[in-house]
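A.B. asks: From the sequence below, what's the structure:
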Amino acid sequence: MKKVIYAADDEAHIRELLQSFLQKEGFEVRTFADGESLLAACDKQMPNLVVLDIMMPGMSGFEVCEQLRRKSSVPIIFLTARVAEEDYVKGLEIGSDDYFTKPFSPISLVMRVRAIFRRIEMEHSSKEEIVSFGDITVNMADKAAYCDGKDLALTPTEIAFLHYLMTHEGAVSRNEMLKQIWGFEQEVETRVTDDTVKRLRKKLVAAESNVQIATVWGFGFKLEMK
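C.D. replies: As a prediction, this is how the structure comes out:
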């Protein structure tokens, strides 16, 4: 069965480009000129992945993302001309899985879409759906993480990141995390791992957890008890 992708962008040529490349890769694609139309379609049928522009008439991509996150963990990719760092950070904080800036490489986008679907399939096939470390429990079936039974309100990417650390003994390299969580097939310059760790650390501290994410300098990260 084909994976269904919804894409919202107010630029017609971007919608046509996305539809052309993604359909060639075997996906079923529906495009929308604004966020409201995409949300209305999601109410009828939730897709397997969403691509959102940030600046659109009416609701912004951020607002659409926030509404989707209230009812679904569907993967979300931002595709936008906005390059300010605060936009990048906000996109990740409210639950997006990736962030592309225009102009973008359609081939790179297709590769990232496939990587996200591979990650989801690996999570679904994992025998360790419920794992614990210290006072932290991750339930992959529910797409949730808890500290002493209290929901940590993590994004899907944060949950995947934490689950990977919990199911791999010892330190995990930064490059391995980039490959397994975000689908980068080679070493790249990106802040995405560091930004994710920073957000997770804040949430663990706020929950007064006895678990912390330690940096293994020059290598990657590992979980430790305080």
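
A.B. asks: quick one: low-confidence parts of this structure?
C.D. replies: Scanning the chain for pLDDT under 70 picks out 82-88, 123-128, 183-190.

A.B. asks: nearest residue to the residue positioned nearest the centre of it other than its sequence neighbours?
C.D. replies: Closest residue to the average C-alpha location of the chain: residue 97 at 1.9 Å, with C-alpha atoms, centre = their mean. In this structure, residue 97 finds its nearest non-sequential neighbour in residue 75, 4.6 Å apart by C-beta to C-beta, 6 or more residues apart in numbering. No exception for glycine: its C-beta is placed from N, CA and C like everyone else's.

A.B. asks: re earlier: return the residues in contact with the residue nearest to the centre of the chain.
C.D. replies: Residues near residue 97 by C-beta atoms under 8 Å, 6 or more residues apart in numbering: 75-77, 116, 156-157.

A.B. asks: Following element in sequence after the helix ranked longest in the chain, please.
C.D. replies: The longest helix of the chain (DSSP state H) is helix 106-125. Moving toward the C-terminus from helix 106-125, the next helix or strand (DSSP states H and E) is strand 130-133.

A.B. asks: Quick check: buried residues in that next one?
C.D. replies: Residues of strand 130-133 classed as buried: 131, 133 (neighbour count, 16 or more other C-beta atoms under 10 Å).

A.B. asks: tell me the domain ranges of this structure?
C.D. replies: By the assignment in automatic domain parsing, the chain contains the domains 4-121, 128-225.

A.B. asks: where do the helices sit along this structure?
C.D. replies: Going by DSSP H, the chain shows helices at 12-24, 35-44, 61-69, 85-93, 106-125, 156-166, 174-177, 192-206.

A.B. asks: What is the second one packed up against?
C.D. replies: Contact here means 3 or more C-beta pairs under 8 Å, 6 or more residues apart in numbering; DSSP states H and E; on that basis helix 35-44 packs against strand 4-8, strand 28-32, strand 49-52, helix 61-69.

A.B. asks: now the last one
C.D. replies: Of the remaining helices and strands, those touching helix 192-206 by 3+ C-beta pairs under 8 Å, 6+ apart are helix 85-93, helix 156-166, strand 211-216.
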